[in-house]
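> build me a structure from this.
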Amino acid sequence: MSQNALQSSLDSALSSLSSRKLRPLQKQAYLCSASCFDGSKSDASADHCVQGCQALTRAASQIVQSEVQRVQERIQREMVSCQDEVRDRAIKDQEKAQRVYQECGDKVMDKWVRKMGGVAKDIEGRIVEAEKEFERQRK
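Presented below is the predicted three-dimensional model:
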């Protein structure tokens, strides 16, 4: 597998997550925000209302960003491990060293392509928990 396959897998997982969870949350936030301007609320009260309406969407976005960053950091650490493997083997032939590094990197990419569905499910689970928490706070 290549880095392109990993990127494609990540894009697909995020696109699916967006259509299933993020867009409905955004729609809900926009509708809620629009209702903040009904009636005779003060500007400060309307602003506070809008902030409250958008809080869950911001939290969901932060969850996605932090999880993607965590995955990227883990991949980077594994790629550094591939570099270490080449150094530890003290390969003098540059082409062979590059091939060993590429094979190791391909294994890393392949592993993460397979894991991407689970990563998306984990993100969705965290968003569902955030929704539940926001719902508890509203009561």
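
> where in the chain is pLDDT low?
1 (pLDDT under 70).

> surely residue 54 meets residue 33?
Yes. Applying CB atoms under 8 Å as the test, residue 54 and residue 33 come out as touching, 6.5 Å apart. In this view, the C-beta of every residue, glycine as well, is placed from N, C-alpha and C.

> what's residue 38 sitting at in phi/psi?
Per-residue torsions, residue 38: phi -80, psi 140 (degrees, to the nearest 10).

> let's have the chain start at 51 instead
Okay, residue one is now 51; in that scheme the one you just asked about reads as residue 88.

> that one: neighbour count?
9 (other CB atoms under 10 Å).

> how near is it to residue 94?
According to CB to CB, to the nearest Å, residue 88 and residue 94 sit 16 Å apart.

> quick one: residue 166 and residue 63 touch, right?
Yes. Counting by CB under 8 Å, residue 166 touches residue 63, with 4.9 Å between them.

> tell me how far the helix or strand containing residue 109 lies from the chain's centre.
Element membership of residue 109 [criterion: DSSP states H and E] is helix 93-138. Using CA atoms, centre = their mean, to the nearest Å, the mean C-alpha position of helix 93-138 is found 6 Å from that of the whole chain.

> quick check on residue 142: phi, psi?
Residue torsions, per degrees, to the nearest 10, at residue 142 are phi -80, psi -40.

> ditto for the one 5 residues further on
The phi/psi pair for residue 147 (degrees, to the nearest 10) reads phi -60, psi -40.

> test my guess that it contacts residue 141.
Yes. Assessed by CB under 8 Å, residue 147 is found in contact with residue 141 at 4.1 Å.
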